[in-house]
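**Student:** for reference, the sequence and a predicted model appear below.
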Amino acid sequence: MLPAQRPGAARERAEYLLHRNDPADPGYVRFLARLAQPLIARLDAGSKGLDYGCGPGPALAALLERAGHAVSLYDPFFAAHEAALSAQYDFITCTEVVEHFHRPAEEFVRLDAMLRPGGWLGVMTCFQTDDARFARWHYRRDPTHVVFYRESTFRHLAERFGWQCEVPGKDVVLLRKPGAAAVPARAAPFTQNRPATADHSASSAHPADSLPTPEKGKTTP
């Protein structure tokens, strides 16, 4: 999606409030468990994490806390705790968040910086799998969804950052930062080969190639 086509902050917030993300809804909890269960299986006891883009009802944080982990919250509209962005974590979760990134390259650099060596980044987003049906794909019709990912996008990101990449289930990816002994001096820089429109991000062989070069300053999911 071109920058001029992206919704403003007020419209984004209004759209998010329409989502039925109720922590008391068993169906929604089952949906989140697709990420929570494989992530919990990989965490050490008492890990410290961040739910990045938690939304107005942080149900995922509740699941992780019930498993014995401490979870901080950050969301630019509903939990804008800037101090949370200055800490480091054993794990970070992004459920239905990365498709909202206006500057995805900068966001992934930020997430990598907030992960401790050996930490996990858990992402859940609807993978783009069918170029022929992209124009009719329900996921792209949400006006706040501005960038889309293939499974190969995340493997490409993992190569750039030196992360381990696992896909434990549909639309779920777990990325592990290397341990202290294996942390590279810095992540490989992003390149900008072509404009990062939504259609290009979904249809290129390596969508991450088109992610914009990180810019100075802060962004929000």
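**Tutor:** Right, received. Where do you want to start? Numbers count the residues shown, from 1 in each chain.
**Student:** looking at this protein, which helix is longest?
**Tutor:** Secondary structure of the chain per DSSP state H: the longest helix is helix 26-40.
**Student:** what average pLDDT does that helix get?
**Tutor:** When pLDDT is averaged over helix 26-40, the result is 94.
**Student:** just the helices in the chain please.
**Tutor:** Using DSSP H, the helices assigned to the chain run over residues 9-18, 26-40, 59-66, 104-114, 151-161, 198-203.
**Student:** for these, which one sits closest to M124?
**Tutor:** The closest approach between M124 and any of the helices of the chain, judged by C-beta to C-beta, belongs to helix 26-40 at 4.5 Å. For every residue, glycine as well, the C-beta is placed using N, CA and C.
**Student:** show residues contacting the closest one.
**Tutor:** Applying C-beta atoms under 8 Å, 6 or more residues apart in numbering, the external contacts of helix 26-40 come out as 20-23, 59-60, 63-64, 67, 69, 91, 93, 95, 120, 122-124, 166, 168-172, 174.
**Student:** and it with helix 59-66, angle?
**Tutor:** Orientation of helix 26-40 against helix 59-66 (axes from the mean of the first three to the mean of the last three C-alpha atoms, to 10 degrees) gives an angle of 50 degrees.
**Student:** quick one: buried residues of helix 26-40?
**Tutor:** Along helix 26-40, these residues count as buried under the neighbour rule (16 or more other C-beta atoms under 10 Å): Y28, V29, F31, L32, R34, L35, A36, P38, L39, I40.
**Student:** how near is the fifth one to A180?
**Tutor:** Put plainly, it is R34. For R34, the distance to A180 (C-beta to C-beta, to the nearest Å) stands at 30 Å.
**Student:** one more: the fourth one?
**Tutor:** If you measure L32 against A180 using C-beta to C-beta, the figure is 30 Å.
**Student:** give me the pLDDT value at A132.
**Tutor:** Per-residue confidence at A132 stands at 90 (pLDDT).
**Student:** now swap in G49 and tell me
**Tutor:** In the prediction, the pLDDT value recorded for G49 is 99.
**Student:** quick one, what contacts V173?
**Tutor:** For V173, the contact set (C-beta under 8 Å, 6+ apart) comprises G122, V123, M124, E151, F154, C165, E166, V167.
**Student:** that one bridge partners, please.
**Tutor:** On the basis of DSSP bridges, V173 is bridged to V123.
**Student:** surely V71 and A61 touch.
**Tutor:** Yes. At 4.1 Å, V71 and A61 qualify as touching, with contact defined as C-beta atoms under 8 Å.
**Student:** give the residues shared as contacts by those two.
**Tutor:** Taking C-beta under 8 Å, 6+ apart as the contact criterion, the residues that touch both V71 and A61 are D51.
**Student:** any weak-confidence spans in this structure?
**Tutor:** For the chain, the stretches flagged by pLDDT under 70 are 1-20, 181-221.
**Student:** go again with 90.
**Tutor:** Residues of the chain that meet the criterion pLDDT under 90 lie in 1-28, 55-58, 77-78, 133, 135-136, 138, 140-146, 180-221.
**Student:** from the contacts of helix 26-40, list the buried ones, please.
**Tutor:** With neighbours counted using 16+ other C-beta under 10 Å, those contain these buried positions: 21, 59-60, 63-64, 67, 69, 91, 93, 95, 120, 122-124, 166, 171-172, 174.
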